[in-house]
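Engineer: My questions concern the predicted model and sequence given below.
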Amino acid sequence: MRRERDPLAVGRVIGDVLDSFTKSVNLSVSYNNREVSNGCELKPSQVVNQPRVDIGGDDLRAFHTLVMVDPDAPSPSDPNLKEYLHWLVTDIPATTGTRFGQEVMCYESPRPSMGIHRMVFVLFRQMGRQTVYAPGWRQNFNTKDFAELYNLGSPVAAVYFNCQRESGFGGRRR
Amino acid sequence: MKGARAEKDSYAEMELLFGQQLDPLGNNDYEHTFTTIDNGGRISAMRHGRRVPKLNRPPDQRKALLRALTTQLLKHGRIKTTRARASAVRKYVDKMITLAKDGSLHKRRQALGFIYEKQIVHALFAEVPERYGERNGGYTRIIRTLPRRGDNAPMAYIELV
């Protein structure tokens, strides 16, 4: 039987984007009432607007940072812009959602041009209320270095979904 | 065990015992590993002796399908297809990457004869030595996913490691 059962490890999110961690906070991301589960497939038209994110935890004084990256930019066969930062929200109190946080980098809807991209949501726990500065550009973002830089430690939750360009001309309809 | 009684409850009982469907036309004896179907063919639960995945196609179409799938996989890096096709195409993708690892002109021309697009072969020969230089084999990964809506075909993502 396969040794790894964790969808994040099977989909190589742990490995490409993150290191192994233990999940401690519930993270639920939903686009238009459709909940994102690991490895599910969503179309770009469904993810145009920012999702509704709810985090668990129990202490309202604990703050969290949510990062959304695409490790397969511009194409999974040649990810030289890896990773591409789509969304960055900080100072989210536990048990609430991203509406209560501070949006450091506004949501950019995924527009994969080639191949099937994984879009990863990562949740970190902050030490206190800190100012996180937005990086100068979205591409070549490194989640591990970012966590190292702002002392966020290892992630507390992660989820990912797949997204590919909707078939325009010449594409095969599913 | 039970004889060939064609009563519903005995089949239900045997189903509960063995957890599998029993074909009323085939043999009821649980020792046999294969069932017989109408036209006389045999279906086994194991892969014994099956060398080539036929993919329900004649040989020329099969070759074209595998060539097309490897071309697209090398081009896009990750594709979504049926599980049978994904596991059939692994061999050819590994062969192409092995040709690129060698890098000589003869191998390049062999690759050009298989892959449909020239650019992809040249890009492959350029980047494979640094990307897969240390990896010995196993250049792909298959991740199973939800079945396709139209015909419930089991699907899988296949991606270059």
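Structural biologist: Good, I have the coordinates.
Engineer: For the residue nearest the centre of chain A, give the beta-bridge partners.
Structural biologist: Relative to the mean C-alpha position of chain A, the nearest C-alpha, by CA atoms, centre = their mean, is the one of A:F121, at 1.8 Å. Beta-bridge partners for A:F121, by DSSP bridges, are A:M68, A:V159.
Engineer: Next up, the contacts around it.
Structural biologist: The contact partners of A:F121, taken as CB atoms under 8 Å, 6 or more residues apart in numbering or on different chains, are A:L27, A:V29, A:V36, A:V53, A:L66, A:V67, A:M68, A:A158, A:V159, A:Y160. For every residue, glycine as well, the C-beta is placed using N, CA and C.
Engineer: mind redoing it with 6 Å?
Structural biologist: With contacts taken as CB atoms under 6 Å, 6 or more residues apart in numbering or on different chains, A:F121 has the following neighbours: A:V29, A:M68, A:V159.
Engineer: same thing with B:I97?
Structural biologist: Contacts were defined as CB under 6 Å, 6+ apart; by that measure B:I97 touches B:V128, B:Y132, B:Y139.
Engineer: what mean pLDDT does the helix or strand harbouring the first one have?
Structural biologist: Secondary structure assignment for B:V128, by DSSP states H and E: helix B:118-132. Model confidence over helix B:118-132 averages 94 on the pLDDT scale.
Engineer: Next, the buried residues of the next helix-or-strand element following it.
Structural biologist: Following the chain from helix B:118-132 toward its C-terminal end, the next helix or strand by DSSP H and E is strand B:140-144. Within strand B:140-144, the residues that qualify as buried by neighbour count (16 or more other CB atoms under 10 Å in any protein chain shown) are B:T140, B:R141, B:I143.
Engineer: ok, and of these, which contact chain A?
Structural biologist: Of the entries in the buried residues of strand B:140-144, the ones placed beside chain A under the rule of CB under 6 Å from any CB of the partner chain are B:I143.
Engineer: could you redo the buried residues of strand B:140-144 as JSON lines and give each row distance to B:S44 and pLDDT?
Structural biologist: Compiled in JSON lines, these are given as follows (distance: CB to CB, whole Å; pLDDT from 0 to 100):
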{"residue": "B:T140", "distance to B:S44": "27", "pLDDT": "95"}
{"residue": "B:R141", "distance to B:S44": "28", "pLDDT": "93"}
{"residue": "B:I143", "distance to B:S44": "27", "pLDDT": "93"}
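Engineer: Would you reformat the buried residues of strand B:140-144 as a markdown table and include distance to B:G49?
Structural biologist: Output for the buried residues of strand B:140-144, formatted as a markdown table (distance: CB to CB, whole Å):
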| residue | distance to B:G49 |
| --- | --- |
| B:T140 | 25 |
| B:R141 | 27 |
| B:I143 | 28 |
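Engineer: Tell me the one among the buried residues of strand B:140-144 nearest to chain A.
Structural biologist: Ranking those by separation from chain A, with CB to the nearest CB as the measure, puts B:I143 on top at 5.8 Å.
Engineer: what are the ranges of the strands in chain A?
Structural biologist: With DSSP state E applied, chain A shows strands at A:27-31, A:34-35, A:40-42, A:52-55, A:63-70, A:84-93, A:102-105, A:116-125, A:157-164, listed in chain order.
Engineer: now do chain B
Structural biologist: B:34-36, B:42-44, B:78-82, B:140-144, B:155-160.
Engineer: who does the third one pair up with?
Structural biologist: Yep, that's strand B:78-82 we're talking about. For strand B:78-82, the paired strands and their directions (DSSP bridges) are strand B:155-160 (antiparallel).
Engineer: Name whatever forms a beta bridge with the closest residue to A:M114 other than its chain neighbours.
Structural biologist: Counting by CB to CB, 6 or more residues apart in numbering or on different chains, A:M114 lies nearest to A:S75, which is 4.2 Å off, once chain neighbours are set aside. Beta bridges link A:S75 to A:D78, judged by DSSP bridges.
Engineer: A:S75: neighbour count?
Structural biologist: Using other CB atoms under 10 Å in any protein chain shown, the number of residues around A:S75 comes to 19.
Engineer: Which pLDDT value belongs to residue 41?
Structural biologist: Since no chain was named, I'll use chain A. With respect to pLDDT, A:E41 has a value of 90.
Engineer: not what I meant, chain B
Structural biologist: B:G41 carries a pLDDT score of 76 in this model.
Engineer: how close does it sit to A:A94?
Structural biologist: Taking CB to CB, to the nearest Å as the criterion, B:G41 is separated from A:A94 by 60 Å.
Engineer: Could you check which of these two has the larger neighbour count?
Structural biologist: Between B:G41 and A:A94, counted using other CB under 10 Å, A:A94 has the larger neighbour count: 18 against 9.
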